[in-house]
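everything below, folded, please.
(one chain, ligands or ions: 1)
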Amino acid sequence: MKQYGMIIDLEKCIGCHACAVACKAEWEVPADQGRNWVKRLGPSNTPHGLASTYYPGLCNHCDKPACVEICPADIVERTFKDQVTGRQKTLEVAATLKDPFDGTVQIDKDRCLGCGACADACPYEARYVNPEQGEDGKADKCTFCVERLAAGLEPACVQTCLAEARIFGDLNDPESAVARYVKKGAIKMESDAVKIGPNVRYFGNKRDIHLLTETSTPMVMPEASLRRVMLARLARPVIRKGKKKMTFFDL
Ligand code: SF4
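Numbers count the residues shown, from 1 in each chain. Okay, the predicted model is just below:
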């Protein structure tokens, strides 16, 4: 089984924001929101010397995604298909779900209630509810550009990065470039309290990695607003279209 992931090579990133701009253009992300971002960190003293770096981030397509767990939308049966082998698997899922064949975390926009509970629950602040859609605003985040992958292309941010600081691939394939970075020591942004298996990893020198982990690793699991979850659950009978079977690859 695949687990798509991304490596961010801090030594290569030049902070040009081309990845963030490409993502906004590809997916019509509102100007004040982001499916991905580049933050400037430092200059600051670290135990390894003065450091300044960039923090390119995105959804981590986690192994145990907090967003999937919290999603209050109705559960439906969904059939997933392995694009390579054609194998199929049926799972019960809410509106945000983890694909069992490629490990990506996706949003079923047709069934998303727009309650924002997933955005609240994500410790990486990787989701937003689209404000430009008014009361019908849906949750949105990085999808690893699955539609582009299906067409044989790389994610837009990877293709656009001239510095080749974003590297995409299957972490479970030992021959992939991303797996080689993991062997070289690329790290997960995890803390004792936040261990949900992020599949975006960061590679760099000790100074930059220290600065990144000290300033940007989430230290607590955020609590999703109970009010939002309750309101979404109460609204279900009004919103839902009825329990039905869906085929993910037909959407
Ligand atoms: Fe969900 Fe946040 Fe993990 Fe992405 S980073 S899978 S939105 S918990």
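
spatially central residue in this structure, please.
By CA atoms, centre = their mean, the chain has its centre lying nearest to Cys59, at 1.8 Å.

show me what contacts it?
By CB atoms under 8 Å, 6 or more residues apart in numbering, the contact list for Cys59 reads 35, 105, 122, 124, 126-127, 141-143, 200. In this view, the C-beta of every residue, glycine as well, is placed from N, C-alpha and C.

tell me which of those is nearest to Cys115?
Lowest distance from Cys115 to the contacts of Cys59 (CB to CB) belongs to Arg127, with 11.7 Å.

any idea how far Glu190 is from the closest one?
In this view, Arg127 and Glu190 are 18 Å apart by CB to CB, to the nearest Å.

looking at the two, which is more packed in?
A direct count of neighbours by other CB atoms under 10 Å for Arg127 and Glu190 places Arg127 higher, at 23 against 17.

if I look at the more buried one, how far off is Ile167?
Distance from Arg127 to Ile167, by CB to CB: 23 Å.

up against the ligand, what does the chain have?
Residues of the chain lying close to the ligand (CB under 6 Å from any ligand atom) are 59-62, 65-67, 105, 122, 124, 126-127, 141, 196.

that older thread, now the residue nearest to the centre of the chain: phi and psi?
The phi/psi pair for Cys59 (degrees, to the nearest 10) reads phi -60, psi 140.

also Leu113?
Phi and psi for Leu113, reported as degrees, to the nearest 10, are phi -90, psi -10.

confidence score at it?
Leu113 is assigned a predicted lDDT (pLDDT) of 92.

Gly204 too?
Looking at Gly204, its pLDDT reads 98.

surely it meets Tyr55?
No: at 10.5 Å, Gly204 does not count as touching Tyr55 under the criterion of CB atoms under 8 Å.

who has more neighbours, the two?
For Gly204 versus Tyr55, the count of surrounding residues by other CB under 10 Å is larger for Gly204: 23 against 20.

measure that one to the ligand for me?
20 Å (CB to the nearest ligand atom, to the nearest Å).

cool, and Gln88?
In terms of CB to the nearest ligand atom, Gln88 sits 23 Å off from the ligand.

same deal with Lys188?
In terms of CB to the nearest ligand atom, Lys188 sits 11 Å off from the ligand.

same question, Asn172
17 Å.

was I right about that residue contacting Asp63?
No: the criterion here is CB under 8 Å, and Asn172 misses it with Asp63 at 11.6 Å.

wait, Pro72 sits on Ala94?
Yes: assessed by CB under 8 Å, Pro72 is found in contact with Ala94 at 7.1 Å.
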